[in-house]
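Q: Mind folding the following:
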Amino acid sequence: MAHVVVLGAGLGGTIAAYELRDTLGADHSVSVVTKGNHFHFVPSNPWVGGGWRDKAAIEVDLEAVFAKRSIALYPQGAKRLHPADRRIELIGGDSVSYDYLVIVTGPGLALDEIEGFDPAAHTQSICLVDHALQAKLAVDALIANPGPVVIGAAHGASCFGRAYEFAFILDRALRDAKVRDQVPMTFVTSEPYIGHLGLDGVGDNNGLLEGEMRENQIKWICNARLGKVENDKVLVSEIAEDGSVLKAHEVPQVFTMMLPDFRGIEAVRGIEGLTNPRGFTLADKHQRNPTFPEVFSIGVCVAIPPVGKTPVPVGVPKTGFMIESMVTATVHNISRLTKGLAPSATATWNAVCLADFGDSGIAFVAQPQTPPRNVNWSSSGKWVQLAKIAFEKYFLYKNRSGKSEPFYERLAMQALGIDKLKTV
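A: Predicted structure coming up:
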C-alpha cells in the first residue's frame, strides 16, 4: 500500500486529494498537509477586498469533508521537506512520511524584497484572504478620506489578472460611494504593455483593457520597477528597452494595492535538485521532479520560464484550468507508478481566465499558453462576471461535498463556447 501526501490545500491541493482518493481506491492512503484546516477560494479575494464577500462565504472547513472521504489532514503545516528521507517535518516537531508527494503549496509572497511593500507597512494585498480583509478596511478608510490610489503588480509578479480585477472593483466601489471624482487612480505594472499578463497578450487583451481603463479614467505606467513605497507615495522607475531608466515617477498615494513577486515557500526553498533559485519546484513534462522522482508538483509553485524577454521581469500565470490539467496528469501518473508502470500523462498547459471588472469583465483563452497558439481569444461583457460567480459557487460546493467533478471543462465549453478542452 502506498501513502500519497499532498502538500497544500488550495485550489489545486483539494482537487488533487479528491482525485487521488477516487483513482487510487481503498488500497492506498491519501493525506494532506496544510497550515490550518480551511480552504479559501483565492479567486474571490478581490471581491473580499472590495467588500462584496466576507471570509465565511469563500471558505470551507476541510476536516469533516476529508474525514468523510478517508483523507487524513495534518493542519500543523510544513516546517521543512526532507525529500532524501521521503519525509515532511511538521511545525511542532512531528513528521509525515510518504511514498509519493504532490507539492501544491501555491506561492510564498516576496513582500520583504521591496522597502515599504507589505500590509504591515504601506501597501495592501489580496493574495491571502486575511490580507483582503485588511484591504477592505483600508478601502473603507479611503472612502471616508479620499485621495490618490495606486494599483498594480511589482516586478517579477505573475498574477496580473487579480490586479486588474481589483482596480475595476475598487473603481466601482468608489463610484457607488460617490467619491470616485476625488480619487486619481494609477495602474503601475511590470508588464511591457497593458494586457500582456505574463503571456505576451491573448487575443485583443491590450485593446480591451486599455479601452476599459480609459473609460474608467485609470492612468497607467508600464515597464515599472518599484524602488520603495512610502506612506504618501510610490517610487517607480520606468525602464526602457535597453534596461536604462526612461523616467522616474513619484506617484502620490493614500491607498496602494500591488501584487508581489512570488517565490517558493520556506519549507521547500533551497533544496538542491528540487527547486530553482527562487524556490519554485522543478518538474518534467509528467509534473515529476528529475532528482526526486517520487515528488510531483502542481500549480503556482512549479518553475515555468517566462514567455520571452521583457525590460522588467514578469512571471507566467498559472490559471485554474491549467492547474486542473496538472492535477489530472499527476494523479494518472501516480496511479501508474503504484501499478509498476511508467508515467505517461502530460498536462495541457492552456490558459483560461475569467476576470470580473465590477460592471463587466474580460475572459481569455490561450491554447497553448505560449505563442504561437491554436486558440488566441478574448472577449468582454457582463456574462464574464456571471460566469465567475457560477465558477465560485460550484467550486465551493465541490469542496464542501468532497465530490470531484470535471467542472472546468464544462464551464469553459458552456461559457466560452469552445468545443472541447482536454485536460490530459
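Q: Can you tell me the element residue 162 falls in?
A: Taking DSSP states H and E as the criterion, residue 162 maps to helix 160-176.
Q: One more: residue 150?
A: Per DSSP H and E: strand 149-153 holds residue 150.
Q: Now do the end-to-end distance for stretch 184-193.
A: One end of stretch 184-193 to the other measures 21 Å (Cα to Cα, to the nearest Å).
Q: ok, back up a step: how far does the helix holding residue 162 sit from its chain's centre?
A: Computed by Cα atoms, centre = their mean, to the nearest Å, the chain-centroid distance of helix 160-176 equals 17 Å.
Q: Now it: buried residues?
A: 160-174 (16 or more other Cβ atoms under 10 Å). For every residue, glycine as well, the C-beta is placed using N, CA and C.
Q: about what we covered before: what's the strand holding residue 150 packed up against?
A: Here strand 149-153 touches helix 160-176, strand 185-189, strand 255-259, going by 3 or more Cβ pairs under 8 Å, 6 or more residues apart in numbering; DSSP states H and E.
Q: between the ones you listed, which one is nearest to residue 55?
A: helix 160-176 (16.8 Å; Cβ to Cβ).
Q: Report the inter-axis angle for the closest one versus strand 149-153.
A: 160 degrees (axes from the mean of the first three to the mean of the last three Cα atoms, to 10 degrees).
Q: What is helix 160-176 packed up against?
A: Against helix 160-176 (3+ Cβ pairs under 8 Å, 6+ apart) you get helix 45-50, helix 129-144, strand 149-153, strand 185-189, helix 205-215, strand 255-259, strand 351-356.
Q: Adding mean pLDDT, distance to residue 381 and mean neighbour count, write these out as TSV.
A: Converted to TSV, these look like this (pLDDT from 0 to 100; distance: least, Cβ to Cβ, whole Å; neighbours: other Cβ atoms under 10 Å):
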stretch	mean pLDDT	distance to residue 381	mean neighbour count
helix 45-50	97	18	26
helix 129-144	98	25	18
strand 149-153	98	22	26
strand 185-189	98	21	24
helix 205-215	95	10	18
strand 255-259	98	25	25
strand 351-356	86	11	26
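Q: Nearest to residue 35, out of these?
A: Closest among these, using Cβ to Cβ: helix 129-144, at 12.1 Å.
Q: Extract the C-alpha set from the closest one and format it as PDB.
A: Output in PDB follows, covering the C-alpha atoms of helix 129-144 (Å, rounded to 0.1, in the frame of the first residue of the first chain):
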ATOM      1  CA  VAL A 129      -8.000  36.200   2.500                       C
ATOM      2  CA  ASP A 130      -6.800  37.900   5.700                       C
ATOM      3  CA  HIS A 131      -4.900  40.400   3.600                       C
ATOM      4  CA  ALA A 132      -8.000  41.000   1.600                       C
ATOM      5  CA  LEU A 133     -10.000  41.600   4.800                       C
ATOM      6  CA  GLN A 134      -7.400  44.200   5.800                       C
ATOM      7  CA  ALA A 135      -7.600  45.800   2.300                       C
ATOM      8  CA  LYS A 136     -11.400  46.100   2.800                       C
ATOM      9  CA  LEU A 137     -10.800  48.200   6.000                       C
ATOM     10  CA  ALA A 138      -8.400  50.300   4.000                       C
ATOM     11  CA  VAL A 139     -11.000  50.800   1.300                       C
ATOM     12  CA  ASP A 140     -13.500  52.000   3.900                       C
ATOM     13  CA  ALA A 141     -10.900  54.500   5.200                       C
ATOM     14  CA  LEU A 142     -10.300  55.600   1.600                       C
ATOM     15  CA  ILE A 143     -14.000  56.200   1.000                       C
ATOM     16  CA  ALA A 144     -14.100  58.300   4.300                       C
END
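Q: so how far is residue 261 from the closest residue to residue 131 other than its chain neighbours?
A: Leaving out its chain neighbours, the residue that sits closest to residue 131 by Cβ to Cβ, 6 or more residues apart in numbering is residue 125, at 3.9 Å. The gap separating residue 125 from residue 261 is 12 Å, by Cβ to Cβ, to the nearest Å.
Q: Appreciated, that's everything.
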